[in-house]
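[1] Starting from these lines, generate the structure:
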Amino acid sequence: MTPEECDRWLAAGIAVFHGSSDPADFPPLYDAAAQRLWLGGFGVAWAECPAGSDGWCAQPVDVALMRALEGREALLAQLCTHEMPPDVVH
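    Okay, here's the model as predicted:
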């Protein structure tokens, strides 16, 4: 995946957290790399919520994710089943 594609999926995850329902902002099924980057963007947006915010910011990240993916159960299921190998630091 190119750096531009990585940036695109991170930005798409952020956009969905902030309310985008554009189909282009959701990663394709069976594309683990895009899904992981998208999930990272979604998580970054959640983590950057100001203290005392409402809406999705007031929810645990897993609840916000489930709400964002209503109607996209297959994608949610895939995101929940990815096994990510641990990072190895040398």
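
[2] quick one: low-confidence parts of the chain?
    Confidence mapping of the chain against pLDDT under 70 gives the ranges 82-90.

[3] Please list all residues in contact with the spatially most central residue of the chain.
    Nearest to the centroid of the C-alpha atoms of the chain, with distances taken as Cα atoms, centre = their mean, sits residue 39, at 2.4 Å. Neighbour list for residue 39: 13, 65, 79 [criterion: Cβ atoms under 8 Å, 6 or more residues apart in numbering]. From N, CA and C alone the C-beta is placed, and that goes for glycine too.

[4] so of the residues you listed, which ones are in helices?
    Secondary-structure check on the contacts of residue 39 using DSSP state H: residues within helices are 13, 65, 79.

[5] Who wins on neighbours among those residues?
    Per-residue neighbour counts (other Cβ atoms under 10 Å) across the ones in helices among the contacts of residue 39 peak at residue 13, which has 28 neighbours.

[6] Could you check how far it is from residue 52?
    According to Cβ to Cβ, to the nearest Å, residue 13 and residue 52 sit 23 Å apart.
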